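Visitor: give me a model of this one.
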Amino acid sequence: MSVAGVKLNPAIAKPTGNGQVHCIVCNMQVKPKVWTAHVNGKKHRDSCERLKQQLVSGPKRPNDALAAQNGGPPTKKIREDPQPVPSSNGPLPSDFFDEEPGLSIQTPWQKNKDEENAHLRERKGVIEGVPQGFFDDKRRDGMVRETIENEAQMNEEYDRLMRELNEQNHEDEAKAEEEDEQDALFRDISNADDQMENWMRLNAMEKLKEARLQEAREKAAVQEDDDEGSDDDDIDFNNWRAKRVL
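Guide: You can find the predicted model right below:
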């Protein structure tokens, strides 16, 4: 993914010459394909929170900060009127060298040290990587505030979505368990029906077998009676023939 395909907020990000995105808030370079993940990450949110806190507190002016440290009101330079320089030819006052000068002489290295301390006090409260006076621009300040609010809203929506997904997963699991129980019950009922049907078929086969055996026994008994009757007829016929011969 290229930088052109990423929607950047110029208040907190800008493209670099090597094809990456420079996060002004975190002062680091991020690849375009992970920019969205970086913006939603904890480090970026913490940096935005620090920006917000420093924006609320605001840096102090150097003179006011120095006065606060000394415990007094801000000092102002007193413009002194030039004093006439006595002529070298004229006489000097007798106590000229006894009086201490009203102004102290400052050496160059002391002046540089004071300027450095003043610069540090001015830099106090300025975030590294963010241009000085960045939050003095109301438009940029509004963009940063809007970004922080949008991220907070996105985090809230993300948490709500995760809660809904978890609830949906619990409901799906409960529904799946209920369906499994119903399927098991249906299987038990189906197995019981199959077993009952098999028992009924076996019982019918046993009854049919018993009926056929009974029928065979009855036929055998009738055949036996017929055979006995035929033997009696033969005996009577033979006796009749014997009587005729006699």
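
Visitor: which strands or helices does the biggest helix by length in the chain pack on?
Guide: For the chain, the helix that runs over the most residues, judged by DSSP state H, is helix 138-245. With contacts defined as 3 or more Cβ pairs under 8 Å, 6 or more residues apart in numbering; DSSP states H and E, helix 138-245 has these neighbours: helix 42-57. To be clear about C-beta, it is placed using only N, CA and C from the backbone, and glycine gets the same treatment.

Visitor: could you pull out the buried residues of the helix it packs on?
Guide: 44-45, 47-48, 51, 54-55 (16 or more other Cβ atoms under 10 Å).

Visitor: against Met28, how distant is the nearest residue to Val25 once chain neighbours are set aside?
Guide: Closest residue to Val25 apart from its sequence neighbours, by Cβ to Cβ, 6 or more residues apart in numbering: Ser47 at 4.6 Å. Look at Ser47 and Met28: by Cβ to Cβ, to the nearest Å, they are 10 Å apart.

Visitor: pLDDT value on Gln153, please?
Guide: pLDDT recorded at Gln153 is 85.

Visitor: number of nearby residues for Pro15?
Guide: With neighbours defined by other Cβ atoms under 10 Å, the count for Pro15 comes to 16.

Visitor: swap in Leu185?
Guide: As a burial measure, Leu185 scores 10 neighbours (other Cβ under 10 Å).

Visitor: hmm, back to that, dump the buried residues of helix 42-57 to JSON lines, plus distance to Thr36 and pLDDT.
Guide: Output for the buried residues of helix 42-57, formatted as JSON lines (distance: Cβ to Cβ, whole Å; pLDDT from 0 to 100):
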{"residue": "His44", "distance to Thr36": "11", "pLDDT": "86"}
{"residue": "Arg45", "distance to Thr36": "13", "pLDDT": "88"}
{"residue": "Ser47", "distance to Thr36": "16", "pLDDT": "87"}
{"residue": "Cys48", "distance to Thr36": "15", "pLDDT": "87"}
{"residue": "Leu51", "distance to Thr36": "20", "pLDDT": "84"}
{"residue": "Gln54", "distance to Thr36": "25", "pLDDT": "83"}
{"residue": "Leu55", "distance to Thr36": "24", "pLDDT": "79"}
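
Visitor: can you tell me which of those residues is nearest Arg217?
Guide: Minimum distance to Arg217 across the buried residues of helix 42-57 is 97.7 Å, recorded for Arg45 (Cβ to Cβ).

Visitor: in this structure that closest one contacts Asn155, no?
Guide: Yes - Arg45 lies in contact with Asn155 (Cβ atoms under 8 Å); the separation is 7.5 Å.

Visitor: burial measure for Phe186, as a count.
Guide: Neighbour tally, Phe186, other Cβ under 10 Å: 10.
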